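Enquirer: no sequence for this one, just the structure:
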Ligand code: SF4
Ligand code: SF4
Ligand SMILES: [Zn+2]
């Protein structure tokens, strides 16, 4: 289980399958996250989530939200949900959303089958290149 379950960009880190990263706000992050502009920018601005930034959505964030990675497409609706309902409600909702409907186990963004055998409605990874 990830130590940090979410990033300021609206990604729900708990469902990220990257084994070398403990979540955006932890100290054990993937090299990519160390260099992430959104992470650094939100820290610098003392902003919990990008939706509370006066420049939201900045051009780079907007582009990232709409790139080829399906899990990035969750960011906009996540941030809108957080702005409207608060972080705690969103976390509850995400926990439900990213649990196996059969056994309740935590599931990842691109996971096709749960350890209990339940088929999951996962996205396909984007084609390389
Ligand atoms: S994209 Fe950046 S801000 Fe968002 S979860 Fe990843 S490292 Fe954190
Ligand atoms: S929305 Fe604001 S806090 Fe988030 S990356 Fe853009 S400028 Fe930084
Ligand atoms: Zn299951």
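Expert: Right, received. Where do you want to start? Keep in mind that what you see is a predicted model, and the values were worked out from it rather than measured. Ligands and ions are numbered 1, 2, ... in the order given.
Enquirer: going forward, measure contacts between C-alpha atoms and count neighbours the same way
Expert: OK.
Enquirer: So stretch 68-76, near ligand 1 or not?
Expert: No - using CA under 6 Å from any ligand atom, we find that stretch 68-76 stays clear of ligand 1, coming within 8.4 Å at best.
Enquirer: near ligand 2 at all, that stretch?
Expert: No - Stretch 68-76 stays clear of ligand 2 (CA under 6 Å from any ligand atom), getting no nearer than 11.0 Å.
Enquirer: Show me which residues of that stretch are buried.
Expert: 70-72, 75-76 (16 or more other CA atoms under 10 Å).
Enquirer: what residues does that stretch touch?
Expert: Stretch 68-76 is contacted from outside by 9-11, 64-67, 109, 123-126, using CA atoms under 8 Å, 6 or more residues apart in numbering.
Enquirer: Please pick the buried ones from these.
Expert: Neighbour-count burial (16+ other CA under 10 Å) applied to the contacts of stretch 68-76 gives 9-11, 65, 109.
Enquirer: Of the residues you listed, just say which sits nearest to ligand 2.
Expert: residue 9 (6.4 Å; CA to the nearest ligand atom).
Enquirer: Report the contact partners of the closest one.
Expert: Contacts of residue 9 by CA under 8 Å, 6+ apart are 38-39, 49-50, 61, 75, 79.
Enquirer: again with residue 122
Expert: 109-112 are the contacts of residue 122 under CA under 8 Å, 6+ apart.
Enquirer: out of those residues, which is most surrounded?
Expert: Among these, the one with the most neighbours (other CA atoms under 10 Å) is residue 109, at 20 neighbours.
Enquirer: So which of the buried residues of stretch 68-76 are in helices?
Expert: Using DSSP state H, the subset of the buried residues of stretch 68-76 located in helices is 75-76.
Enquirer: Show me the two of the buried residues of stretch 68-76 that sit farthest apart.
Expert: Farthest pair in the buried residues of stretch 68-76 (CA to CA) is 70 and 76. Separation: 11.9 Å.
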